[in-house]
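# fold the following for me, if possible:
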Amino acid sequence: MHKPISSIDLARRALLRRGALLGVTGTAAPWALNLSLMADAAAATSPGDYKALVCVFLYGGNDHGNTLVPVDGTHYTRYAQIRGAMATAQSALAATTLQPNTALPDGLQLALAPQLAPLKTVWDAGKLAVQLNVGPLIVPTTVAQYKAKSVPLPPKLLSHNDQQSIWQSDLAEGATSGWGGRIGDLMLSGNGGSVFSCTSVTGNAVFLSGHSAVQYQLSSGGAVAIKGIQRALYGSSAAQTALRTLITGTSANLFADEYTRVTRRSIDAEAQVTAALGGLPDLATVFPGTSLGAQLKMVARMVAARASFGLSRQVFMVSLGGFDLHDNLLENHPGLLTQVADAMKAFHDATAELGVSDKVTSFTASDFGRTLSINGDGSDHGWGSHHVVIGGAVKGKAFYGSAPAIAVNGPDDIGQGRLVPTTSVDQFGATLASWLGVSDSDLATVVPNIGNFSTRNLGFV
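The predicted model follows:
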């Protein structure tokens, strides 16, 4: 059995491998922030030995009550009584009613929101699973334990920034590493181009920051270039040359020299990405012309270019904002779900086109779920929520976890229909990490609370 890598071990490696980089991040130019150190001697891996995770983060806290809706008579009646004017019409749910391989207890039937209809075809094909009532936990927790404060609880519940950070890292705002990045730490030695092990198409996010791995940031249009060294600067080739010399030349000052070393790596990485993507044939799959669609198309292109980068394992992140709907839920939420469904369906289709659908698993995540009860024409911050997992390796057409009671002040509710999670983010992350190849002995490095839960693998992949 492998000895688990401790956070102290990883911190030592980080100090040795990128200490000087961390020393300049406070004042470094944006292109320098996009880098990790290149693996100097890692061997390229076979394109056949490849797996990738793709996190689709829904910023603001997705309203799960109108995302996965009870449709059978008994449970729909309870839902409609609680939600009132915010309830989705029962007649609108017929086409997206989910028929699982194993029925839920008590006759409960669930349907995707009508706007998620494109994902219904993925469910029917057995490539989509739903994880019920998942959220941050330190230990298994009941409503009674929460109210009695008899168990440790995640810090700053219901806070956007903190819960985003806890979902992504296990720690409140201010965390310096996330579980996607910690997976990257463990995969660096097997990747020929470690700079691309953890890749964001949505800006800086703690999810992809590791102790050794540093996220590489792309735009949805590709690698971000330093334009001033690619063509004449202010019409002057001499100015272009001077800028290149200034930002890449060696220096007797240790800090300045490290800064320019990082910049040179940035230039090299941009050139590598641009060349790799430029040599790809166009995808036949049509992506929607939305921000999320463009981000996921870039992920698909990076997956298509995996052989050029010599990669065996990758973790990606994309995102969509706007889910903090304290009001105007009916006006705004359907459009957001449409964007999610269209983009994720296109991405799944693209992985099938590339012949890697069983090697790429995407999943949704969000700050938290929301209250089942309504607040005017919206919903308030909650805790547990429901999320989807999609991919050829997914054991789909199935629900995982425990379905919460459709009730306010019920057995799963701490108030207003806020769900105490019955599945932890650590269990969710451990399941995905195990599929990617993280050993059981290393799971605590990735998701530190996993030892507090008897079930380490939820079984959806």
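# please enumerate the strands of the stretch 51-200 of the chain.
Taking DSSP state E, counting those that start in this stretch as the test, the strands found in the stretch 51-200 of the chain are 51-58, 68-70, 110-112, 128-135, 198-200.
# which residues of this protein score low on pLDDT?
For the chain, applying pLDDT under 70 flags the ranges 1-48, 192-193.
# what sits against the residue most central in space within it?
Central residue of the chain (C-alpha atoms, centre = their mean): Cys55, 2.1 Å from the mean position. Contact analysis of Cys55 by C-beta atoms under 8 Å, 6 or more residues apart in numbering lists 180, 207, 315-318, 362-363, 365. Glycine gets a C-beta too; all of them are placed from N, C-alpha and C.
# just the buried residues of these.
The neighbour count (16 or more other C-beta atoms under 10 Å) marks 180, 207, 315-318, 362-363, 365 as buried among these.
# among those residues, which ones are in strands?
315-318, 362-363, 365 (DSSP state E).
# which one of those is nearest to Phe460?
Of all those, Phe363 has the smallest distance to Phe460: 9.2 Å, by C-beta to C-beta.
# gap between the closest one and Gln215?
Phe363 is 18 Å from Gln215, where distance means C-beta to C-beta, to the nearest Å.
# same check, this time on Gly401
From Gly401 over to Gln215 (counting by C-beta to C-beta), the distance is 29 Å.
# do Lys156 as well
Applying C-beta to C-beta to Lys156 and Gln215 gives a distance of 24 Å.
# tell me the buried residues in stretch 234-250?
240, 244, 247-248.
# reformat those residues as a markdown table; add secondary structure.
Formatted as a markdown table, those follow (DSSP: H, G, I helix; E, B strand; the rest coil):
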| residue | secondary structure |
| --- | --- |
| Gln240 | helix |
| Arg244 | helix |
| Ile247 | helix |
| Thr248 | helix |
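# is it possible to export these to a markdown table including distance to Val71?
Output for the buried residues of stretch 234-250, formatted as a markdown table (distance: C-beta to C-beta, whole Å):
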| residue | distance to Val71 |
| --- | --- |
| Gln240 | 63 |
| Arg244 | 62 |
| Ile247 | 59 |
| Thr248 | 61 |
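# tell me which of the residues you listed is nearest to Pro70?
Ile247 (58.2 Å).
# residue contacts, that closest one?
Contacts of Ile247 by C-beta under 8 Å, 6+ apart are 226, 229, 260, 263.
# end to end on stretch 181-195, go ahead and measure it.
12 Å (C-alpha to C-alpha, to the nearest Å).
# and the gap between Ile414 and Leu325?
For Ile414, the distance to Leu325 equals 20 Å [C-beta to C-beta].
# same check, this time on Tyr146
Tyr146 sits 25 Å away from Leu325, going by C-beta to C-beta.
# when the two are compared, which one has more neighbours?
Leu325 (24 against 17; other C-beta atoms under 10 Å).
# how about the more buried one, what does it touch?
Taking C-beta under 8 Å, 6+ apart as the criterion, Leu325 is in contact with 60, 63, 332-333, 370, 378-379.
# narrow the residues you listed to those in helices?
Among those, DSSP state H puts 332-333 in helices.
# the contacts of Leu325: which two are farthest apart?
Across the contacts of Leu325, the longest distance by C-beta to C-beta is 13.0 Å; it joins Asn332 and Arg370.
# the more surrounded of the two?
Each of Asn332 and Arg370 had its neighbours counted (other C-beta under 10 Å), and the higher figure belongs to Arg370 (34 against 16).
# check contacts around that one.
Contacts of Arg370 by C-beta under 8 Å, 6+ apart are 61-65, 325, 379-382, 385.
# how about 10 Å then?
The neighbours of Arg370, taking C-beta atoms under 10 Å, 6 or more residues apart in numbering as the test, are 60-67, 323-326, 329, 333, 378-383, 385, 416-419.
# gap between the nearest residue to it once chain neighbours are set aside and Ala444?
Spatial nearest neighbour of Arg370, chain neighbours left out: Ser379 (4.0 Å); criterion: C-beta to C-beta, 6 or more residues apart in numbering. Going from Ser379 to Ala444 by C-beta to C-beta gives 35 Å.
# next: Gln164.
23 Å.
# more neighbours, those two?
Gln164 (24 against 18).
# in the stretch 301-450 of the chain, what residue spans correspond to helices?
306-309, 329-353, 425-436, 443-446 (DSSP state H, counting those that start in this stretch).
# picking that back up, show me which of Gly401 and Gln215 is the more surrounded one.
Neighbour count, other C-beta under 10 Å: between Gly401 and Gln215, Gln215 has more, with 30 against 21.
# what about the closest residue to that one other than its chain neighbours, how many neighbours?
Closest residue in space to Gln215, ignoring its immediate chain neighbours: Leu208 at 3.7 Å, by C-beta to C-beta, 6+ apart. Under the neighbour criterion other C-beta under 10 Å, Leu208 is assigned a count of 29.
# cool, Leu233 as well?
For Leu233, using other C-beta under 10 Å, the count is 17.
# same question, Ser189
Around Ser189 there are 12 residues (other C-beta under 10 Å).
# ok, it to Gly310 distance?
12 Å.
# do the same with Leu68
On the measure of C-beta to C-beta, Leu68 and Gly310 end up 40 Å apart.
# between those two, which one's more packed in?
Per other C-beta under 10 Å, whichever of Leu68 and Gly310 has more neighbours is Leu68, with 22 against 19.
# once you drop chain neighbours, what's closest to the more buried one?
Once flanking residues are discounted, Leu68 sits nearest to His386: 4.7 Å by C-beta to C-beta, 6+ apart.
# where do the helices of the stretch 151-300 of the chain begin and end?
160-169, 179-187, 237-248, 254-278, 291-304.
# next, the buried residues of the fourth one.
It stands for helix 254-278. In helix 254-278, counting by 16+ other C-beta under 10 Å, buried: 258-267, 269-270, 272-273, 276-277.
# closest to Gly429 among the contacts of Cys55?
Gly180 (8.4 Å).
# can you tell me how far the closest one is from Asp170?
Where Asp170 is concerned, Gly180 sits at a distance of 11 Å (C-beta to C-beta).
# neighbours of Asn409, how many?
Neighbourhood size, Asn409 [other C-beta under 10 Å]: 12.
# wait, isn't it in contact with Lys147?
No - with contact defined as C-beta atoms under 10 Å, Asn409 does not count as touching Lys147 (11.6 Å).
# mind listing the shared neighbours of the two?
Counting by C-beta under 10 Å, 6+ apart, the shared contacts of Asn409 and Lys147 are Gly415.
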